[in-house]
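**Student:** Task: produce atomic coordinates for the following.
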Amino acid sequence: MRHGIECWTFAIARRRFTRMQLSGVLITHQLSDEALGWFSTARGVVDELVAFVDEDRAAPDLDDRLRELDARIINTRSPAFYKADFAAMVAECRGDWLLKIDYDEELSREWHDPRWREILEQDEFTYFWVPRRWVVGAGNYIASEPWWPDWQLRLFRNRPSDIIFPKQLHETMQMTGPAGYLRTLAIHHHDLRVASRPAREAKAATYEKQRPGGGLGFFYVYEDHELPELPLPDASAFAPGREVLRMQMLSDEEITQLSINADAPPTHVPARGMFWTNVTLTNGTDRVICTGAPFPVNFAYHWLDTTTGNAIVFDGERTAILPELPPQQTANFRMFVTAPAQPGEYLLRITLVQEQVRWLEQQGAESTHDFQVSVIAPGSTGCQPVPSGSLPSGS
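**Tutor:** Purely as a prediction, here's the structure:
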């Protein structure tokens, strides 16, 4: 009997102290001197670095650079990076968890606090949305949607049967199970800083040709908009217990205690044009409101036909409530909106949604604001300048 107890105790202790293994995943054909430094630092975060190299496009010195990182090199061939065999790549990784980092990306400083690995030991989540900052010159990043927080599914369990892999450009991998949202563990994306404007314009044009209407080329020509910037943050006081943003389901009564107020948007905008408006959120509840797990709350919008009242665009772009809004507080946020593809007269309805639960307007909360907006053909006269505004306190 004593032997059985000892075995049981040993098994419990082993589970407690067995460290989850983490594979870093890099898909690339190049690695600059600067990127070599980023990945040298990242190599201390992961237990193994698996580099999938496009051998048809690989730079001559790439293998040598990867060997400096003690990376496991696997040669691949793909007509485009988004058509790669992701399932086969995941199968090559030995870790319990995978962290995908692109060749022009750097991990924020918080990843170098070893305590962050505690979140991998929990059974609560199968994957995490990681916030990404688009870095521009002078150590700044764009502090506005959609460039921030630009959630990326980059940290996930190594369970290929639970993953639906992307099949086209800018399609996000999907994974079954509950997701977590990370607060400070971020990725810094350097493409806007290191690539010239002509190179980025060419990339935007290529992406739009490959996926018309979904090329997301605006990300790469950010200079076309007057956007707020902030310095890249120093490492925060990392707290494992607070790292995952939390948001439980709101009750009917709590929904009625949330209210929004929005600045008027431009009265005329081009089809598929982007603009921002400042939105004030008042939290009259006794709990924190945020974009968190398992039921994130976001700003969103509908575009309605002014004649029929029918929804032309129902699921508008989301704007995260980040940082969190404490109980009994009010804060301003800069909300991101994209106009419909077809010119016409529309009603823009700004509202709130709790993902996977409901649109808060369904509960009769003071969570909507309506504005008349004329959407006109691109290049037409009559478009108002899109106000950028100052950076609100909630961003």
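
**Student:** So which residues make contact with stretch 34-44?
**Tutor:** 24, 26, 31, 49, 65, 68-71, 101, 103-107, 111-112, 190, 194 (CB atoms under 8 Å, 6 or more residues apart in numbering). Every C-beta, even on glycine, is put in place using the N, C-alpha and C of the backbone.

**Student:** per-residue confidence at the residue nearest the centre of the chain?
**Tutor:** The chain has Trp151 as the residue nearest its centroid, 1.0 Å off, counting by CA atoms, centre = their mean. Trp151 carries a pLDDT value of 96.

**Student:** And for Phe371?
**Tutor:** pLDDT, read off for Phe371, is 96.

**Student:** what about it, helix or strand, and which?
**Tutor:** If you go by DSSP states H and E, Phe371 is part of strand 369-376.

**Student:** Same question for Val25.
**Tutor:** Val25 belongs to strand 22-28, assigned by DSSP H and E.

**Student:** And for Ala202?
**Tutor:** In the assignment (DSSP H and E), Ala202 maps to helix 197-210.

**Student:** Show me what counts as buried in that helix.
**Tutor:** Across helix 197-210, burial judged by 16 or more other CB atoms under 10 Å covers 200, 203-204, 207-208.

**Student:** and which of these is nearest Val297?
**Tutor:** Lowest distance from Val297 to these (CB to CB) belongs to Tyr207, with 30.8 Å.

**Student:** ok, now which ones touch the closest one?
**Tutor:** By CB under 8 Å, 6+ apart, Tyr207 lies in contact with 169-170, 215-217.

**Student:** Could you single out the nearest of those residues to Gln329?
**Tutor:** Leu216 (33.5 Å).

**Student:** Could I get the full set of helices for the stretch 201-350 of the chain?
**Tutor:** Applying DSSP state H, counting those that start in this stretch to the stretch 201-350 of the chain gives helices spanning 252-255.

**Student:** go on, the stretch 1-150 of the chain?
**Tutor:** For the stretch 1-150 of the chain, applying DSSP H, counting those that start in this stretch gives helices covering 2-17, 33-42, 62-68, 86-92.

**Student:** what about the chain, any weak spots by pLDDT?
**Tutor:** 1-18, 79-83, 169, 364-365, 380-395 (pLDDT under 70).

**Student:** quick one: contacts for Ala262?
**Tutor:** For Ala262, the contacting residues are 277-280, 335, 350, 369, 371, by CB under 8 Å, 6+ apart.
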